[in-house]
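Enquirer: Build me a model from this:
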Amino acid sequence: MDLRTPGAFTLQETPRVVISVGKKKTAVARAIIRPGIGRVRINGYPLELWPIEMARMKIAEPLILAGELAKKVDIDVNVSGGGYMGQAIATRIAIARGLVAYFQSQELKELYERYDSYMLKGDPRRTEPKKPGIKHARSKRQKAYR
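Expert: The predicted structure is shown next:
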């Protein structure tokens, strides 16, 4: 039974601290999970004060699914790059990976995979690079028939 989660590792055993990483497009989130009372801070701001409601709900998904387990840890997330939704999804991935690594719970891992498979493994899609001589990645030159 291998419970190691890619993108998460244990920093020390006593008191237990886990660092995990989540990525979405160009956004990178690093989460530090340590024993606590259920505080979640993103770039120093509490999750409840995060300005965009849709992003806040995305970030809270792994915490809601974990239930009582999420109230036993404090989570500090440092996120940078990308847009606000990319940052939210990167944060969500980092929190989910960190909780699985912290609690070593196969049930939690299976729950996350059933709910959304991208919650632990991430989304591999990236933007296609722009090509020389045209405006966008796939645009073509306009053709005139008359």
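Enquirer: Please, where are all the helices along the chain?
Expert: 53-66, 84-103, 106-115, 118-121 (DSSP state H).
Enquirer: Just put those helices in a markdown table and tack on mean neighbour count, mean pLDDT and distance to Glu128.
Expert: From N, CA and C alone the C-beta is placed, and that goes for glycine too. Formatted as a markdown table, the helices of the chain follow (neighbours: other CB atoms under 10 Å; pLDDT from 0 to 100; distance: least, CB to CB, whole Å):
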| stretch | mean neighbour count | mean pLDDT | distance to Glu128 |
| --- | --- | --- | --- |
| helix 53-66 | 17 | 93 | 24 |
| helix 84-103 | 26 | 94 | 16 |
| helix 106-115 | 15 | 93 | 28 |
| helix 118-121 | 18 | 92 | 20 |
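Enquirer: Between these, which one is closest to Asn78.
Expert: helix 84-103 (9.3 Å; CB to CB).
Enquirer: Gln104 - how many residues pack around it?
Expert: When neighbours are defined as other CB atoms under 10 Å, Gln104 has 14 of them.
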